[in-house]
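# Sequence first, predicted model second:
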Amino acid sequence: MIRRDMEAIYAIENDLFEFPWCEDDFIRCLRQRNCIGMLVEYDEQIAAYMIYELHKTRLHLLSFAVARQFQRRGFGRLMVEKLIGKLSGDRRTRITTAVRETNLDAQLFFRSVGFCAVSILMDYYPQSTEDAYVFEYRVAAGELNPRYQGCL
């Protein structure tokens, strides 16, 4: 993800989300040493992107989007698989992300790729009083095992 990609990323963000990130949100995030942005290109277009943070024992997915015209074609799954590949049983063992209570498509997607809802963050979003579900993907005992106890 580089600066020239940002125009397409903003367009996707604004098309998909009621409360999209602004340019400053992306810049502030990507300037942090522990923040990484990745994207998927298809036919010279940005099809999808994600931004995640590296923490000592986990990865935290901050932003994740697949452009409307590329949805349901495997690009989201591809990005999640790439992220899962960065986990290990002895260091970073899980991926977390917050999903709006009203974003049923995202909830179903994350469940389909092995995430479980593990908690609720009440009144999480500053622009509204909407709650968020914390979804988690976990590596168990050194092997990738997304179906574990503890789902809501």
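Received, thanks.
# Which parts of this protein are strands?
Taking DSSP state E as the test, the strands found in the chain are 35-42, 45-54, 58-66, 94-100, 116-121, 132-140, 143-144.
# would you turn the ones you listed into a markdown table with mean pLDDT, mean neighbour count and distance to residue 11?
For every residue, glycine as well, the C-beta is placed using N, CA and C. What follows is the strands of the chain, written out as a markdown table (pLDDT from 0 to 100; neighbours: other Cβ atoms under 10 Å; distance: least, Cβ to Cβ, whole Å):
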| stretch | mean pLDDT | mean neighbour count | distance to residue 11 |
| --- | --- | --- | --- |
| strand 35-42 | 96 | 16 | 13 |
| strand 45-54 | 97 | 20 | 9 |
| strand 58-66 | 97 | 20 | 11 |
| strand 94-100 | 96 | 21 | 20 |
| strand 116-121 | 94 | 15 | 28 |
| strand 132-140 | 91 | 21 | 25 |
| strand 143-144 | 55 | 10 | 34 |
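# Can I get those in a markdown table including distance to residue 85?
Below are the strands of the chain laid out as a markdown table (distance: least, Cβ to Cβ, whole Å):
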| stretch | distance to residue 85 |
| --- | --- |
| strand 35-42 | 12 |
| strand 45-54 | 13 |
| strand 58-66 | 11 |
| strand 94-100 | 11 |
| strand 116-121 | 19 |
| strand 132-140 | 11 |
| strand 143-144 | 9 |
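# Just list whatever residues bridge to residue 49.
Going by DSSP bridges, residue 49 is paired in beta bridges with residue 39, residue 65.
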